[in-house]
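Participant: what shape does this take:
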Amino acid sequence: FVPAHVMVGLGAICFTLFSIVSILESGTSN
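Facilitator: Now for the predicted structure:
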């Protein structure tokens with residue numbers, strides 16, 4: 001069993017990494 005705050009933390013990290021990758025890709029394409 002994984003604590004809720006751990007899942008929230010991992011979700012936030014994944015979302016942040018995904019956002020950074022999206023910004024970098026959109027920046028390099030221009």
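Participant: quick one: low-confidence parts of the protein?
Facilitator: 30 (pLDDT under 70).
Participant: now the helices for it?
Facilitator: 4-29 (DSSP state H).
Participant: how many residues are close by Thr16?
Facilitator: Residues lying near Thr16 (other Cβ atoms under 10 Å) number 10. All C-beta atoms are positioned from the backbone trio N, CA, C, and that covers glycine.
Participant: the one 10 residues further on now?
Facilitator: The burial metric for Ser26, expressed as a neighbour count using other Cβ under 10 Å, is 9.
Participant: against Leu17, how distant is it?
Facilitator: 15 Å (Cβ to Cβ, to the nearest Å).
Participant: ditto for Val8
Facilitator: 15 Å.
Participant: and for Leu10?
Facilitator: 11 Å.
Participant: again with Ser29
Facilitator: From Ser29 to Leu17 the distance is 19 Å (Cβ to Cβ).
Participant: for Gly9, same thing?
Facilitator: The value you get for Gly9 to Leu17, if Cβ to Cβ is used, is 13 Å.
Participant: which residues does Ala4 contact?
Facilitator: By Cβ atoms under 8 Å, 6 or more residues apart in numbering, the contact set of Ala4 is empty.
Participant: quick one: it and Gly27, what's the gap?
Facilitator: If you go by Cβ to Cβ, the gap between Ala4 and Gly27 works out to 34 Å.
Participant: circling back: looking at Ser29 and Leu17, which is more packed in?
Facilitator: Here Ser29 and Leu17 are compared on neighbour count by other Cβ under 10 Å; more neighbours surround Leu17, at 10 against 6.
Participant: run a quick neighbour tally on Ala12.
Facilitator: 10.
Participant: same check, this time on the one 10 residues further on
Facilitator: For Ser22, the number of neighbouring residues by other Cβ under 10 Å comes to 10.
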